[in-house]
Structure formats: structure tokens, C-alpha cells
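J.: my questions are about this predicted structure, shown below with the sequence.
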Amino acid sequence: MRYLNAICACLLGLLISTSVLAETPSEAQKPLLLELTEVKLSKALPVLQQLEASEGADMMALFKTMLNGDLYYEKETKRLIAALKEQSVTRYSDLFTGAALNELSSNQVKKIKVNNTLRGYLGEAIARMQLNHPDSAVRTDAVRSLFSDLGPNTIELIRTARLNEQSRSVQEVMDVALALYRAAHSDDATERLQAVKDLEGSLEPEVRNQLTKLAENDPSRSVRKAAQIGLDKIDQQAEMYGFINQLFFGLSLGSVLLLAAIGLAITFGVMGVINMAHGEMIMLGAYTTYVVQLMLPNMIEYSLWIAVPLAFMVSGLAGILIERLVIRHLHGRPLETLLATFGISLILQQLVRTVFSPLNRQVATPEWMSGSIEINPLLSLTLNRLYIVAFALLVFMILLIVLKKTSLGLNVRAVSQNRDMAKAMGIRTDRVDAMTFGLGSGIAGIAGVALSQLTNVGPNLGQAYIIDSFMVVVFGGVGNLWGTLVAAFTLGVANKFIEPVTGAVLASILVLVFIILFIQKRPKGLFPQKGRAAE
Amino acid sequence: MSSFLTNFMSFSRINGESKVAPFVVLLLAVTALASASNLLMPQDSVFYVSTYTITLLGKYLCYAMLALAVDVIWGYCGILSLGHGAFFALGGYAMGMYLMRQIGDRGVYGNPELPDFMVFLNWSELPWFWQGMDQFWVAMLMVLLVPGILAYVFGWLAFRSRVTGVYLSIMTQALTYALLLSFFRNEMGFGGNNGLTDFKDIIGFDLQSDNTRVSLFIITALLLCGLLVLSKKIMQTRFGKVIVAIRDGESRARFIGYRTENYKVWLFVYSAMIAGIAGALYVPQVGIINPGEFSPINSIEIVIWVAVGGRGTLIGAIIGAILVNYAKTKFTAIMPDGWLFALGAMFVLVTLYLPKGLMGLVAQLKDQQLQSKQRSANNSSNEKAEEGHA
């Protein structure tokens, strides 16, 4: 019953090495477990076999720990213990509950020894358990993990499991494993040739290794040739997927830039001033997310849905406040506005440092946003980035609709095209200014929510983005949302494509230099505003 | 006290009409006094000025020179550069490279040819841009040329395509940001993250000795005064008048027939060189130069020094730089967290309520005084006239 008590105490212990938490042992297996601690090394095999036969998959953690040589038992109580070695420190935890046992010292415990025979058996037993696991994903992973050391025993295991396998995807992986084995070990050249052909279309790294070996060393010429063809195909595909991967990273960086820059583009377009505190509006949004998660620790799954509107409001109100209190008084003096807003950004940063401490804060990612879609072994797209690309596009669409279809949007466009004329037509430009500023800042707040899912939240979060977002605005052209969209994605993708060649730092320098040169040719950006008002 | 104030006001008129001479005299007097107190007074005397204070004052004067550089282009030509820290740092790196070479085999690794960080990076020979930097005159030439050439190239590109206003400001900020990123790289050959430090001596004089410290301080003060007078003179020439014309109406100046971009480029180069000199004087006094000097926030802080003092007055920039940095030293000692609040508030309040800075305030007070004097004079004469009429 001790085990039951411990399970309540702590579930997430230090059982990192054993990915599967074991069930509490049933009464039936206790004598067997006890025997394991007492039996001699040479007699341990039958005990383990009995354990596997009686308990099956429940013994996974035990077997894995034992295979790693991390299985110990407490001398006094005979309970089983997993050890985790971190550099020189060894920590112990209960094998079955994962509860950390910090009070144990190394002379209170004794290691359960393993030899090569036992290791061989344990490896097979683990593979057997996994291959019969009810979850098909576990079965696939199990087959994959066997790719690197396929022996006659494991192949026999897979062959047996293949007969009963129902899931198509698992069947395919198993077929790859079987073909791999045949390609490596068959004496018959035609069989090897057939195996190489069977391997076609698989992108596993082991398949590539095997094909490389065959292409170089195989005695049969036709096998060498077939293997080379297979290799070329894999390399071609790898190149393509690498390209797609980079493109995806570029797009995700681009969408972050888009979210950060679009608010700046609006305020700059309408009022001709740069809000140096724009980055801090992003930061406020990110901290809003943090606070929401702090307030509602049980609703992490929904926290983002609450944080998005809240961040919009917090940053938007802050923006309106800044406009009313400071920027309004500096009308027509854009350089002074720049300085004053910079002062505000300093104050906001320091405020956040005082309230939340200067340390970075971790914002949790909801379950539905973590993980990735694995399309094939070479290409997997992380979900949070995928969502952020979609989210940025959604925000862009909404903003576009607001600007094109609402009366506020009409006013904003009128003021940005010709302020004096708009004023003469009866538009209250000062109100439009405040609303625009609120809107731009609010979107920055939303950008902060998105960013909190990619990086840690800290007082300097906004600063990192202000120069980049301004580059996007300059590149895209002021007062044109489409320009901002194109510029953001272009810069994002360009950055990610230069990065592997030159390194991250040089990539951002090159992009900066490019923009400095670019505005030589097109001082008004990619999509300049046309007409007399533009000057 | 009041006599000092009137004295002070007598050379503070707005927009380039301020008289430089009294200020220069004051500055040199303070310099001489402080230096004498450090070298001649015994350590336990009340009048003794510690070497630490001398170095601090020297640092302030370097900042003042940097502020002067920004005021020349912002105050007189309306170009708000948010990247002047880059020129300052480049000048500083040029000096730092010279000082680094002077260490010779006294470094940790004892390599007579290579600075320590290069030995650490397993470099076998000196990169080409370090060649010749062990000659003082080469290094001094670089202090002027490197910021000057960068300013020329950047200015030529920017002004020719008529990049103005906030665009230009952000581009200058991007410039210093790009340099910040590149100087952080070890491969650049400037000591990466740690920068250049551990200097031993300068043209044979030990950097730690009081005499060297005081000499550096005096040189800084003299150069500052020299550059102040020179800038003043430049602004009074035809070139300076065109510069002010460009500030007040660039299109008009262009239509009249001036190639405004040329004027702006050369002024920008001049300003960058001042910043480079300031950096070169700063490094031996502070004892280190690292990429942090390139950070955009440093550059933007310079602007607030100028704004506090009052732009377009030269003297205002110097006063502003000294005051703000003095406040910073005091503030960070008492309550480190409060400084950024104060700095931020300074940005907002100065732009909102003191658009012409302290010099403007002084001029305003003086005007009021003058007006009230005139008014009372008028009143009394009126009264007399009325009396006579009666």
C-alpha cells in the first residue's frame, strides 16, 4: 500500500530515462519482484521471463531501467528503485510511482546486476511488448527504434508481429524493416535487388545508410546500380523537404514580423509618427498572456482565447492613453514624437521589470498547440508555428475588412491620404488619431500573445522586434497593408534561407544592408502610396 | 550665486547666438583647478580631487564631445541620428586596437604579436586590419577615417535618395544595430563579446598612473573646447548658413540652387569624426571597449543629453551631457532601478515642456526679465509724459 500513497504524492518524478510510468505492481507479482532482488545473476532470466509472461506490458519500465543498468533496490525494504545519473550526482526515485527519494544515500541501495545474456533478453522483451502495444503509434516507433540493430531475433519478432498487424501504416514500417534486413543479410543477389526495390519511397535515415553501403560495397553490379538510383531519389526528396522546411520556418518568422509590423504600419501611415513604444505594446500583450495563465491555472487550454481579446484591450488602452497624453501634444513634430515614445518605452520596460522581475517568464503552450505534424521522417511541422501563420493571416484579413468596410476604416484611410482635406470634410482627425493608435497598439498586443508561444516572455521582448518591424514597414511602403504582408513574408523567408549559409547574425546584417540599399532605389517602399498626398 | 546666474545667462542665447568664449574659459578653469588639486594637494586635504573623480570628469567630457557631435547635425541641420554611438564606438575600437598592440608580450599568453583573444581563438597571424595599428599615428588616423568614411558612405546613400525625417533616424539606428550584431561575432576579430580591455600603456605612459589620467583629462578638455570653437566658427561661415537654411526649408534651399545633399553629407562626416575622437578619448580613460557601445539605446541617450541642454546651441549639448550623466551616476548609486524611470520621464517631459532645453529656458527667463524691465521703463516714461502733459 506504500506504493499507492506514493503515487498521490508525485507523478512527474525523475523517471525521464523510462518514458513509460509503470503501473503499481499487483499482489501477484510482488513475490517475483522480491525474488528479483535476491536471486543470483545466473538465475535471474527465468524470473524475468515469468514476469513478462504474467504481467506483459506493465513491466516495461522495469525492463527498460534494468537494461540501462539503472535498477537498484533498497536494502531494507527491498523495494525497487530507478537511478538517474546527472553528471556526478545520482538521484533515486521509486520505480513504480516515480516519486523522488532524495533521502536515500548510495550505501542504502544495491544495484541489480545485468549481464549480456540478460541484456539481450531484456531488449527483445521490450521490443515484444512494444510491438504488441495497443497504440499503433507506439508500435510504429518500436519498429523504427529497431531499425538500427536488426538481428535474426528481432527480425523474427517483427515477422511474427507483421502477421497479426492490422494498421496499414505500421505494416509499411514493418515491411521496410524486413526489406532492410534482407538487403543487408541476404546472400542471394536477386533477393537483395528486390529488397532494394522494396525500400524505394522510404525516407528513413537507416534506409539511406543501408543503400549507401550497398551502392559502394555490394558484389552484384545490378544491386549497386539499383541502390544508387534509390539513393539519388532519397537525396532529391531530402532536398525538396529541406526546402519546404526552410520555407515553413521563413513563413512563420514572416508571420511574426507581420503581426509585429502591421500595427506600426497603420499608425505610421495615418499619423506619420513612429511609436518607439510599439515593441512594449507587444510586450504588454505577452505579459497579459502570462497573467491570464497565472490567474487561471486550470484553464491553460483556453487561456489563449481569453488572452487574445484581453491583450488587445490592454495594449489598445495603453496606446490610446499614450496618444492622448503625449503624442497629441507633439503634433507635427515627428522626431520629438519618436523621442517621447522612446521615453515611454523605457518607462514601460522598467515598470514590467519592477512588477514581474527582470527574469524571463515561461508561458505554457496549450495541449492543442504543442507537438508537431510529422508528414514523413524528413519533414515535420511544429503545430505552434503552423497556428501562428494561420493566426497572422486571420488578423490581417480582419484588419483589411475593418479598414475597407467600416466607417472607422474609411476615416482612417481618408486621414492617411490627406489629413487637411479630411479635416475640411468634417472628419474629427484627433479622434481618428486616437482610434488608430489604439488599433495599432491593440494588434501589437495580439502579436505579443502569439510571440509568447514561441519565446520566453521578458522585459526586452519588444525591443528585439522594433527595428525588424520598422524594416518591414519601410520595405513594404507606408500606408499599404498588402505591402506590409509581402514585405514581412519576403524578409522572413529571405532571413531563413540566408541563415544556414551565413549564420543567423550575418543573415540579419545582410537583410539590414539590403534594406538600406533598397530604399536607395525605392525610397517609398515596394508599394508606394500614389498621388500628391504622398509627399 | 545670482552673479553666476547672470553671468551664465549672458552667454546663453537661443539658436547659435550664444557666446562661446566665457564657457570655454569656465570649462578650462575647472579643468585646471581639478587637475591641480589632484596632482598638488595631499591625499588627506579637503581640496584633494581623487583620480577616480578625474576619470569620471574625463568620461563626462567625452560624452559632452559626443553630444556636441549630435548637436551639430541635429540642432543645426535637423538630422536626427540615432546611430552616433556607432561612430563613437568605432573611434573607440581604433584606439582600443592601438592600446591592445601596446600590451605586447605582457598579455596572459605572452604572445608579442597577437592579442590574447586571438591566441585564444587559435589564430596564427594578425588579420590585415590590425596591421600597423601599433603605430600611434596610424591609429589616430583610423580614429578619424573609419567613422568618417562610414558616415560618408551612409550619408551619400541616404541623402542622395532624399531619405529624411524618421526614416533616416531609423536607418541610422539600424546601422548601429547591424554593427552591434557584427562586433559580437568572434570572427570579426575585435574580441567578440568581451571587446578589448586590459590595456597597459599609451605612447609609453602607464595608463594607471595619476599623471597619465590627468593628462588624458586635460587633453579631452582642450580638444572639447577646440571642437566647440571650431564648430561655432563653421556654423558662422557660408557653409554653416546653408546648413541652417537646409534645416529650415530643405526644398527651398535646393530650389535656390544649393546641392543640399553635399552639404548634409559633409556635415555628417564632420559630426561622425567628432564622435570618433570622443570614442578614442573615452577608451583609455574607461579602460575597455566592447560591442555594448553600439547598442541602439546608447545612441538614443545621446540625443536626450542634447535635448535637455537645448539643441542648436552647442554649449547646451555639453551642459546637457554633463548634467544628465552626473544625474545618472548619482541616481544609479542611490536607486539603480529608478534611473530608467527617470530617463524615460526625461524623454517625455523634455520633449513636451522643454522643446528648447535648458538653454531655451534660460533665454526665456531672460527675455521675460528684459520685457518687464522695458515695461517698467516704458511705464515710468509714460508717467513722466503724462505728468508733463498735465
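T.: Arrived safely.

J.: spell out which parts of the stretch 101-250 of chain B neighbour chain A.
T.: Proximity of the stretch 101-250 of chain B to chain A (CB under 8 Å from any CB of the partner chain) is limited to residues B:154, B:157-158, B:160-163, B:165-167, B:169-171, B:173-175, B:177-178, B:181-182, B:184-185. Glycine gets a C-beta too; all of them are placed from N, C-alpha and C.

J.: just the buried positions in stretch B:315-324, please.
T.: The neighbour-count check on stretch B:315-324 (16 or more other CB atoms under 10 Å in any protein chain shown) flags B:315-322, B:324 as buried.

J.: in what helix or strand does whichever residue of chain A sits closest to chain B lie?
T.: The nearest approach of chain A to chain B comes at residue A:343, 2.4 Å away (CB to the nearest CB). Using DSSP states H and E, residue A:343 sits within helix A:334-356.

J.: and for residue B:170?
T.: Using DSSP H and E, residue B:170 falls in helix B:165-184.

J.: and if you look at residue B:336?
T.: Using DSSP H and E, residue B:336 falls outside every helix and strand.

J.: retrieve the pLDDT associated with it.
T.: As predicted, residue B:336 sits at a pLDDT of 82.

J.: what's the answer for residue B:16, then?
T.: Value listed for residue B:16 in the pLDDT field: 44.

J.: ok, back up a step: list of residues touching the following helix or strand past the helix holding residue A:343?
T.: Using DSSP H and E, the helix or strand that follows helix A:334-356 in sequence is strand A:372-376. For strand A:372-376, the surrounding residues in contact (CB atoms under 8 Å, 6 or more residues apart in numbering or on different chains) are A:203, A:241, A:380-383, A:386.

J.: tell me the strands beside strand A:372-376, with direction?
T.: strand A:379-382 (antiparallel) (DSSP bridges).

J.: one step back: could you pick out the buried ones from the residues of the stretch 101-250 of chain B next to chain A?
T.: Those of these that meet the buried threshold are B:154, B:157-158, B:163, B:166-167, B:169-171, B:173-175, B:177-178, B:181-182, B:184-185, by 16+ other CB under 10 Å.

J.: contacts only, for the residue nearest to the spatial centre of chain B.
T.: Centrality entry for chain B: nearest residue to the mean C-alpha point is residue B:66, 1.2 Å, by CA atoms, centre = their mean. When the contact criterion is CB under 8 Å, 6+ apart, the partners of residue B:66 are B:84-85, B:88, B:274-275, B:278-279, B:302, B:321.

J.: again, but for residue B:105
T.: With contact set as CB under 8 Å, 6+ apart, residue B:105 has these partners: B:111-112.

J.: mind doing that once more with 10 Å?
T.: Taking CB atoms under 10 Å, 6 or more residues apart in numbering or on different chains, we find residue B:105 in contact with B:111-113.

J.: coming back round to it: what is the nearest of the contacts of residue B:66 to chain A?
T.: Nearest to chain A, judged by CB to the nearest CB, of the contacts of residue B:66 is residue B:302 at 11.4 Å.

J.: next to chain B, which bits of the stretch 301-450 of chain A? Give me the list.
T.: Contact residues, the stretch 301-450 of chain A versus chain B (CB under 10 Å from any CB of the partner chain): A:322, A:325-326, A:329-330, A:333-351, A:353-354, A:358.

J.: residues touching the closest residue to chain A within chain B, list them.
T.: Taking CB to the nearest CB, chain A has its nearest neighbour within chain B at residue B:347, 2.4 Å off. With contact taken as CB under 10 Å, 6+ apart, residue B:347 is in contact with A:276, A:326, A:336, A:338-347, B:300-301, B:303-304, B:307-308.

J.: adding neighbour count, write the contacts of residue B:105 out as TSV.
T.: As requested, these are exported to TSV (neighbours: other CB atoms under 10 Å in any protein chain shown):
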residue	neighbour count
B:111	14
B:112	9
B:113	14
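
J.: JSON lines for the residues you listed, including distance to residue A:143?
T.: Below are the contacts of residue B:105 laid out as JSON lines (distance: CB to CB, whole Å):
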{"residue": "B:111", "distance to residue A:143": "57"}
{"residue": "B:112", "distance to residue A:143": "63"}
{"residue": "B:113", "distance to residue A:143": "60"}
